[in-house]
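J.: following is a predicted model, sequence given first.
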Amino acid sequence: MADEKDREEIIVAEFHKKIKEAFEVFDHESNNTVDVREIGTIIRSLGCCPTEGELHDLIAEVEEEEPTGYIRFEKFLPVMTEILLERRYRPIPEDVLLRAFEVLDSAKRGFLTKDELIKYMTEEDRVSLCRVGW
């Protein structure tokens with residue numbers, strides 16, 4: 001039991017270090033705050049890929065009662081630690097992305113043109129995308 005608790009403490013300490021390092025990159029004034037517009041970049045740099053809606057909810061959770069446009073590290077750290085521990089907002093696995101690409105690249109050229117990509121993202125009837133679980 002003690003070993004598991006020790007392991008968890010080590011994992012949390014490692015997460016804290018990673019979060020602090022990512023946060024400090026954008027803490028230009030070295031005052032433990034970052035511009036709220038940088039939070040998405042920080043979260044993504046930690047391997048998380050929230051949707052825009054999820055990111056908006058996260059920002060609302062870590063913002064001050066009266067939004068200032070800045071996020072304090074003290075509020076960000078526990079929320080981000082919980083996200084990492086729960087493995088939330090994981091990116092789509094590479095094999096799923098590859099299967100999706102292969103469905104869209106029906107000519108087997110190994111690439112999609114800009115026009116094809118625009119079509120699939122805006123006009124496609126979604127049948128092709130549903131075949132790969134999107």
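T.: Structure received.
J.: I'd assumed residue 81 was in contact with residue 16.
T.: Yes. The pair residue 16 and residue 81 passes the contact test of C-beta atoms under 8 Å, sitting 6.5 Å apart. Any C-beta I mention is one placed from the backbone N, CA and C, and that applies to glycine too.
J.: how far does stretch 108-125 sit from its chain's centre?
T.: On the basis of C-alpha atoms, centre = their mean, to the nearest Å, stretch 108-125 sits 24 Å off its chain's mean C-alpha point.
J.: ok, stretch 84-91 next?
T.: Centre-to-centre, stretch 84-91 and its host chain are 8 Å apart (C-alpha atoms, centre = their mean).
J.: equivalent analysis for stretch 64-82, please.
T.: Taking C-alpha atoms, centre = their mean, the mean C-alpha location of stretch 64-82 is offset from the chain mean by 16 Å.
J.: okay, now it: how far is its last residue from its first?
T.: 19 Å (C-alpha to C-alpha, to the nearest Å).
J.: give the buried residues for it.
T.: Buried residues in stretch 64-82, counted by 16 or more other C-beta atoms under 10 Å: 70, 71, 72, 73, 76, 77, 80, 81.
J.: next one: stretch 92-109
T.: Within stretch 92-109, the residues that count as buried by 16+ other C-beta under 10 Å are 100, 103, 104.
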